[in-house]
Structure formats: structure tokens, C-alpha cells
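Colleague: give the three-dimensional model of this entry:
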Amino acid sequence: MPEATAVTVGASFRRVLRASGAALLAVLVSLCTVACGTVPAQGERHPSFARQPAADSPLARIVNDSINFGGRVEHTRVQLFDQSPPAYFQFVKDFGFVTNSYIATAGWSRLLIVPALMSKRPLTSS
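Modeller: From the prediction side, this is the model:
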């Protein structure tokens with residue numbers, strides 16, 4: 001009978017830890033959101049004397065169209081337990097306990113600037 005008591009105490013202790021963790025998270029989130037109200041308002045901005053970018057410059061052409069390539073290698077080792085989900089057992093049956101993955105990515109992007117979303121205020125330099 002002492003074993004059943006230990007299991008019950010352990011389960012209730014875990015519930016208390018979960019509840020106190022949730023309460024701590026709620027306090028931290030509320031403190032962070034209150035701190036946003038203490039940020040001072042922006043003062044007057046002075047006009048920038050920086051040159052305006054030319055749309056036909058080589059740098060602008062590179063930024064407007066971009067091709068990206070990437071790759072990754074992953075080595076995965078699966079360890080099963082009696083409580084592991086059936087999908088894990090099926091994965092090990094199909095692919096084994098150790099797998100290697102070779103992942104390649106490629107992408108193309110085009111920069112699109114929408115004038116209606118741009119700020120009307122000049123940028124500042126400090």
C-alpha cells in the first residue's frame with residue numbers, strides 16, 4: 001500500500017508544478033506587456049541627407065530578384081520504450097533505428113514594394 005501513496009503524491013506534486021509554472025508564465029507575460037507602456041514616445045525626426053537608392057543600380061537589381069540554395073544533413077537515432085507510440089515502432093520497422101537525411105532546398109524570390117504600405121516620414125540618421 002505505501003507504493004500507491006507514493007504514486008499519488010508524485011502525481012499531485014506534478015500537478016502543482018504544472019499549475020505554478022502556468023501561473024509564473026502568466027505573471028511574466030503580464031510584466032512584459034506592462035513594460036511596453038513605459039517605452040517613451042518617438043520625438044521629432046530630422047530629415048535624412050542620405051542619397052535615395054536608384055532603382056536601376058546593380059545592387060537594386062540583385063536585391064529585386066534572388067535565387068537561394070541550401071542544404072542540410074541530418075543523422076537520426078531512434079530509441080524505443082514500452083510506452084512509445086505505435087507510429088514510432090512502425091518507423092523503426094520500415095527504416096531502422098538509425099537514419100540519415102540529405103535535404104536540399106532551392107528558391108526564387110522577387111522583392112515587391114507596395115508604396116501604400118511605406119512610411120511617409122523621412123528616415124533619420126544618428
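
Colleague: just the strands in the protein please.
Modeller: Counting by DSSP state E, one finds strands in the chain at the ranges 65-77, 98-110.

Colleague: run through who's touching the last one.
Modeller: Put plainly, it is strand 98-110. 64-78 (C-beta atoms under 8 Å, 6 or more residues apart in numbering). All C-beta spots, glycine's among them, are computed from the backbone N, C-alpha and C.

Colleague: domain-wise, how is the chain divided?
Modeller: 1-36, 65-112 (automatic domain parsing).

Colleague: save those domains as CSV, and put in mean neighbour count, mean pLDDT and distance to residue 42 too.
Modeller: Shown next, in CSV, are those (neighbours: other C-beta atoms under 10 Å; pLDDT from 0 to 100; distance: least, C-beta to C-beta, whole Å):
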stretch, mean neighbour count, mean pLDDT, distance to residue 42
domain 1-36, 9, 67, 14
domain 65-112, 9, 90, 27
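
Colleague: closest to residue 51 out of the ones you listed?
Modeller: Nearest of the domains of the chain to residue 51, taken as C-beta to C-beta: domain 65-112 at 19.2 Å.

Colleague: distance of residue 57 from residue 51?
Modeller: 11 Å (C-beta to C-beta, to the nearest Å).
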